[in-house]
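Visitor: any chance you can model this:
(one chain, ligands or ions: 1)
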Amino acid sequence: MTVRDIQRIQDAVAEYWPNVTWVESTGSTNADLLREGAPGTVLIADEQTDAKGRLGRQWVSPKGAQLAMSMVLEVPDPPQPFGLLSVAPGVAVTDVVPEAQLKWPNDVQIGGKKIAGILSALEMPRVIVGIGINVAMRTDDLPTDTSTALNLEGIEVDFDDFTIDILTAMGRRFAQWQQGDPQLLADYRAVCSTIGQQVRIELHDGSVTGAVDTINDEGEVVIDGTAYAVGDVHHLRPQ
Ligand code: BTN
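Guide: Here you go, the predicted structure:
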């Protein structure tokens with residue numbers, strides 16, 4: 001899948017994103033916008049050859065299989081918790097794909113399998129947020145057996161309409177973050193499948209197993225009373 005009419009996308013999302021561009025191929029849209037890009041810039045790529053994932057991992061981004069893009073935001077004054085920013089784009093995806101749930105912090109899943117990943121980088125006073133949504137993958141191209149794609153879940157999308165819907169939802173959810181709107185966290189908690197789960201969280205210096213009490217007001221996961229801002233969560237009884 002690819003963009004058919006970039007002008008239509010640009011016009012439809014101009015309220016939130018005044019500078020939307022599209023390239024056939026690049027190394028990483030996040031790396032490109034980290035180098036330069038004013039707030040309101042979006043870069044969409046059909047293919048990334050060196051895409052970055054969470055925790056230093058590679059991200060598989062084959063040609064035409066994903067909606068892969070990055071966007072630049074301005075950090076508000078006073079700043080809002082970064083942990084809440086990283087949950088906003090995931091909530092935006094669930095606004096458009098109601099079948100989806102979020103594994104903390106921002107793995108977008110359907111039926112416990114990942115359909116999208118989100119990576120944010122803070123470079124004051126900008127934030128670069130990248131997202132890769134598997135829209136049309138072949139089973140053979142899935143990076144893990146816990147990955148899936150919209151088409152493989154029976155959800156067919158029109159690529160341009162889907163791009164417009166996601167960018168509009170992103171614009172609204174980022175505005176909630178910038179304004180400190182408590183509805184963002186309330187909506188995140190409603191779609192976060194990690195709350196109440198038995199989990200193992202991998203930390204930089206070991207791992208912890210326990211029950212998730214909640215996601216706190218900073219967007220951190222609270223496991224048996226202790227809050228963690230960063231880590232790789234595994235649900236021990238996946239759906
Ligand atoms: C994850 O590991 O779950 C996060 C994956 C983030 C991938 C997206 S694709 C667009 C943007 N560019 C990158 O290099 N990474 C992000």
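
Visitor: the nearest residue to residue 223 once chain neighbours are set aside: neighbour count?
Guide: What sits nearest to residue 223 in space, not counting adjacent residues and going by C-beta to C-beta, 6 or more residues apart in numbering, is residue 210, at 4.3 Å. (C-beta placed from N, C-alpha, C; glycine too.) Neighbour count of residue 210, defined by other C-beta atoms under 10 Å: 16.

Visitor: now residue 210, which residues is it bridged with?
Guide: residue 199 (DSSP bridges).

Visitor: contact residues of the chain facing the ligand?
Guide: 28-30, 48, 51-54, 57, 59, 61, 68-70, 117-119, 130-132 (C-beta under 6 Å from any ligand atom).

Visitor: okay, now the domains of this structure?
Guide: 6-191, 198-235 (automatic domain parsing).

Visitor: name the stretch among those that sits most buried.
Guide: Stretch with highest mean neighbour count among those: domain 6-191 (a mean of 19; mean count of other C-beta atoms under 10 Å).

Visitor: how distant is that one from the center of its chain?
Guide: Its chain's C-alpha centre and that of domain 6-191 lie 4 Å apart, by C-alpha atoms, centre = their mean, to the nearest Å.

Visitor: how long is that domain end to end?
Guide: 31 Å (C-alpha to C-alpha, to the nearest Å).

Visitor: kindly report the same for stretch 101-109.
Guide: 5 Å.

Visitor: now the residue most central in space within the chain: closest residue in space that isn't a chain neighbour?
Guide: Nearest residue to the geometric centre of the chain (C-alpha atoms, centre = their mean): residue 118, 3.0 Å. Excluding the flanking residues, the one nearest residue 118 by C-beta to C-beta, 6+ apart is residue 106, at 4.2 Å.
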